Structures are given as structure tokens and as C-alpha cells.
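Novice: Quick one, what's the 3D model for this:
(chains A and B)
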Amino acid sequence: MECAHIPKIRYADFSQEFNQKVSRMRIPAAGSMELTFRCNLRCKHCYISHGHSGIAGERELNLSEIQYIMDEIVDEGCLWFLLTGGEPLLRRDFQDIYLYAKKKGLLITLFTNGTMITPRVADFLAEWLPFSVELTLYGHTQETYEKVTGIPGSHARCRHGIELLIDRGVPLKLKTMVLTLNQHELWDMKIFAEDLKLDFRYDGIINPGIEDSKSPLSMRLPPEDFVELERIDEARSERLSKMFNERAGIKDQSRKLYRCLAGINGFHIDPYGKLSLCMLERKPEYDLRNGSFHEGWNTAIPKLREKEYGNGFRCIQCDLRLACSQCPAMSQLENKNPAIPVEYVCQVTQLRAKTFREKFTDNYQRVR
Amino acid sequence: MISLDQKYSKDSSIISREIAGDIILVPIRRNVGDLESIYTLNETAAFAWKLIDGVMTIEGIRDQIVSVYDVETEQAEKDIIELISKLINIGAVQRV
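Specialist: This next block holds a predicted model:
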């Protein structure tokens, strides 16, 4: 008999091993839920603009519906659970929802803009610690931040929220979307986070609105400018060099539409109870108000995963496919066709290959 | 000092989750556990964990282990006492 003991393992090791296991067994261990589409900010690049309408709140799942869904997802094996929005703290019953999820044994990550973190909210989160809070910065200076958010006073409220969370030791990470409006302050935001000893990450792939709005795309940096930012970021540059060196040049002939873990161990639920593969791929959806999570996960979702690209799918010829962040959900959003690659993503990948493969070969002699 | 006649119950500040055959202990209150690490139970510990209910004594749990696993009583007793001691340290159980 193996002696009874409790291995205390590093979270990173646990996460990797457990992820592989639940993926093999197709257990929905990693879920996300938008508690609302409503938001107190009016960000220029936001992909959910219809949350500003007055009726957005009326259709939302109520507390007991959310609790019922949480019971179901926990029964199916969910462990990591992301609460997001809109701005999730706008919900008056946020603390009830959050506490219920905690007491079910879910490891909660909370996405927020930070502007609604009051001392009371911070005290609550400090008592019932989340796995992590991820707070989005929209700029470093007040001028830039509020040019993006459109709301006077939001910069100060965000900074105050950050202070409150740090003071109470709530695990916090900062991030941003790099936009035409805030790109000049990216490094200031990074330094701000580093000075506070907080993790910081950024992304530049802006998506169209989920209700067909193309306006967020005007906030995208030209691909050359975005990859140049990555090039001068030493840590990111190193990661990309490593990735391109490992993955570029390998042909991937898979015709499977979805190659990520969405629908394998991940799922998404919107504020109205619609279950989908992920936050970007919302159609088709399964209505949890008219069916169970078990049914949706085991019947509707697997059908999506079986889909394949038809003939003429151009990425199958590309030797950068394994290093590219192209995904069918983004294609569907932007081109209304999951098989037509997003041109912007393609350009970023080509530029990355040029920049980082060269960088790698500049620094190392090829042995063959 | 943990003795055979003692009974323990699970603390409400830790939730145990059984996923993919693993038992994972998830702390829900501040100062319980450590966010950098996570506690999982191996098969034997998971078997014992399920028997901790505030009613069964340590001796009773030991006997259950001996009846299911190929192990000497003395060894099983040593193991269950060590397990309870660790569970106390991380705040997962308390003496009834």
C-alpha cells in the first residue's frame, strides 16, 4: 500500500499535469462566465457595445439561475472559473454570486476594470481570496486612459482600486490592450506594474464586436508597429523567438476546425445562460435555461469539435500555422467564415516570423 | 497528540473536490493554505479523507484501511496519524 499522504505540489506543476488529465478525459475543468454585458466604461475598442442598452440587464441570469448552473458545472468537474463581463462588479448581487462559487470550491479569477473596487469590495475579496484578480489598464496617464474609456474620473477610480487591492494582499495582475490611442504609454504601464511587483501582460489583437460592429478594429495598431513593440520588449522577444524556432517550419495538415482546448476542457457561458465553446465562438450556442449543462457539454459541444475545414483552406499550406494565433472564432467574427483567416493576424505572424526567426539565427549559429 | 479514540471532522474553510479521480483540497478562507501551492490527496489518503466525518474514530478509519488495502495494522495506524497531523496543520480537519 502506498502510504497515505498529502502531496503539497507547486501550483504550476499541478496545473500542467491536471490540465493534461482533464483534457484526455474531456472534463470541463476550465470555464468562464460573463455575469453581465453592462459596463460603466465606454471603451472604444470593446467588443460588447450592446451591453450599454437598457435592456441588457433584464435578460441576465438571476442569482438562483447562476447558482443552479454553478452546481451543474461543479458536478461535471469544473475547477477554474473566470468571472467576467462587461464589468462584473456592476451586478448588485456580485458578492452573493462570488461567494457561492467560492463555497463550491471553484478557483476564481475575476476580470475587472477596477473602477468599482471600493474599500468594502476590497475587504470582501481579501476575506474570500480569489485565485487572481486581473485588472485592465487603458492608459498610464489620465488623459489617455479616459480617451479610451470615455468616462471622466475613471482613471483615478481605477488607480484607487489597485491601491485598495494591493493594501489588502489580494492577488492581482495588470494587463492592457495595446491600441492606437494608448500605444505610446505601453512601457509606462509596464513599469507601473513592475514597480508594484505585479505581473503585466498585453495583447494587440483587437476583435470586432460580437454584434457585428467593426468599429473596434479602428483601434488596431498597424502590424509593423505592434511587432516592433514586441521586438523591443526583451522578455516577449525571447519567448517569441523560442516559439518560432520550435514551431515554425513544421507542417500541420490537420483539417480540424478547432485545435485549442475549447470544448475539450474549456467552455463559456454568457449573461443570458448561453453555453458556447469560448468567449469568441458564441454560435452555435446551447441555452442553459432550456437544458442542462451536462446535456450541452456532452451533446451540443462535441458536435462543434468535429467540424473540419473544407477544400481551399489556405492555412493548411502555411509553415507558420503552429506559431500563429489564427483561430476559427476570430475568422467567424471578422470574415463571417471560420475558414477565411484574419488578414491582420496573418500579417502579424509573418512579421513575427521575419523578426524573431532572424533574431534567433542572428544570435545562434545553425549547426546544419 | 493524536490517539486512536479521537474523532475528527472536516473544516468548512476547506472544500474537497473530486475531479478526474483526484481529490483536491481548495482553501476558501484567507490564511488557509497557500495560493502558490495546492494540496492533493493520493489514493489512500483520499480513501481515509472520505471516512473523516466527525463520527468515526481514528481506529475505525485505520481498520477500514486495513480491510481494503494490503497493509499491516501498525503501518496503517502510523500513516493515518501522520495524515491527520498534516490535515490539522493545513486547517482541513478539526477534533470533535
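Novice: May I have the predicted confidence score for residue 56?
Specialist: I went with chain A, as the question did not name one. Looking at residue A:56, its pLDDT is 68.
Novice: wrong one, chain B
Specialist: For residue B:56, the model assigns a pLDDT of 97.
Novice: Can you give me the neighbour number for the closest residue to it other than its chain neighbours?
Specialist: Closest residue in space to residue B:56, ignoring its immediate chain neighbours: residue B:7 at 6.8 Å, by CB to CB, 6 or more residues apart in numbering or on different chains. In short, each C-beta sits where N, CA and C put it, glycine included. Neighbour count of residue B:7, defined by other CB atoms under 10 Å in any protein chain shown: 16.
Novice: Was I right to think residue B:7 contacts residue B:51?
Specialist: No. With contact defined as CB atoms under 8 Å, residue B:7 does not count as touching residue B:51 (10.9 Å).
Novice: rewinding a little: ok, the residue nearest to residue B:56 - contacts?
Specialist: B:54-58, B:95-96 (CB atoms under 8 Å, 6 or more residues apart in numbering or on different chains).
Novice: among those residues, who's most crowded?
Specialist: Result: residue B:58 is most packed of those (other CB under 10 Å), 22 neighbours.
Novice: Strands of chain B, start to end?
Specialist: B:8-10, B:14-19, B:22-27, B:37-41, B:93-95 (DSSP state E).
Novice: Looking at those, which is nearest to residue A:39?
Specialist: strand B:22-27 (30.0 Å; CB to CB).
Novice: strands paired with the closest one, and their directions?
Specialist: strand B:14-19 (antiparallel), strand B:37-41 (antiparallel) (DSSP bridges).
Novice: Which residues does the longest one contact?
Specialist: Meaning strand B:14-19. By CB under 8 Å, 6+ apart, strand B:14-19 touches A:18, A:22, A:27, A:29, A:74, A:77, A:79, A:103-105, B:10, B:23-28, B:32-33, B:41, B:46, B:49, B:90-92.
Novice: Name whatever forms a beta bridge with the residue of chain B found nearest chain A.
Specialist: Here the residue of chain B nearest chain A is residue B:15; by CB to the nearest CB that distance is 3.3 Å. Using DSSP bridges, the bridge partners assigned to residue B:15 are residue B:26.
Novice: residues near it, how many?
Specialist: For residue B:15, using other CB under 10 Å, the count is 19.
Novice: repeat for residue A:134
Specialist: Residue A:134 has 19 nearby residues by other CB under 10 Å.
Novice: Looking at chain B, which helix is longest?
Specialist: Longest helix in chain B by number of residues (criterion: DSSP state H): helix B:73-89.
Novice: packing partners for it?
Specialist: helix B:43-51, helix B:58-68, strand B:93-95 (3 or more CB pairs under 8 Å, 6 or more residues apart in numbering or on different chains; DSSP states H and E).
Novice: Going by neighbour count, which residues in the longest one are buried?
Specialist: Put plainly, it is helix B:58-68. For helix B:58-68, a neighbour-count test (16 or more other CB atoms under 10 Å in any protein chain shown) marks B:58-59, B:61-66 as buried.
Novice: Am I right that residue A:194 is in a helix?
Specialist: Yes. Assigned with DSSP: H, G, I helix; E, B strand; the rest coil, residue A:194 falls within a helix.
Novice: nearest residue to it other than its sequence neighbours?
Specialist: residue A:200 (6.7 Å).
Novice: can I assume that neighbour sits in a strand?
Specialist: Yes. The assignment for residue A:200 by three-state DSSP puts it in a strand.
Novice: what's it in contact with, if anything?
Specialist: Residues near residue A:200 by CB under 8 Å, 6+ apart: A:173-176, A:189-190, A:193-194.
Novice: Please flag which of these sit within strands.
Specialist: Among the contacts of residue A:200, the residues falling in strands (DSSP E) are A:173-176.
Novice: out of the residues you listed, who has the most neighbours?
Specialist: That'd be residue A:176 among the ones in strands among the contacts of residue A:200, by other CB under 10 Å, with 25 neighbours.
Novice: beta partners of that residue?
Specialist: residue A:137, residue A:202.
Novice: got the residue ranges for the strands in the stretch 251-368 of chain A?
Specialist: Ranges of strands within the stretch 251-368 of chain A are A:266-269, A:274-276, A:286-287, based on DSSP state E, counting those that start in this stretch.
Novice: would TSV of the ones you listed with distance to residue A:129, mean neighbour count and mean pLDDT be doable?
Specialist: Formatted as TSV, the strands of the stretch 251-368 of chain A follow (distance: least, CB to CB, whole Å; neighbours: other CB atoms under 10 Å in any protein chain shown; pLDDT from 0 to 100):
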stretch	distance to residue A:129	mean neighbour count	mean pLDDT
strand A:266-269	23	24	97
strand A:274-276	28	23	96
strand A:286-287	32	16	96
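Novice: How many neighbouring residues does the residue lying closest to residue A:209 once chain neighbours are set aside have?
Specialist: Closest residue to residue A:209 apart from its sequence neighbours, by CB to CB, 6+ apart: residue A:47 at 4.9 Å. If you count neighbours by other CB under 10 Å, residue A:47 ends up with 17.
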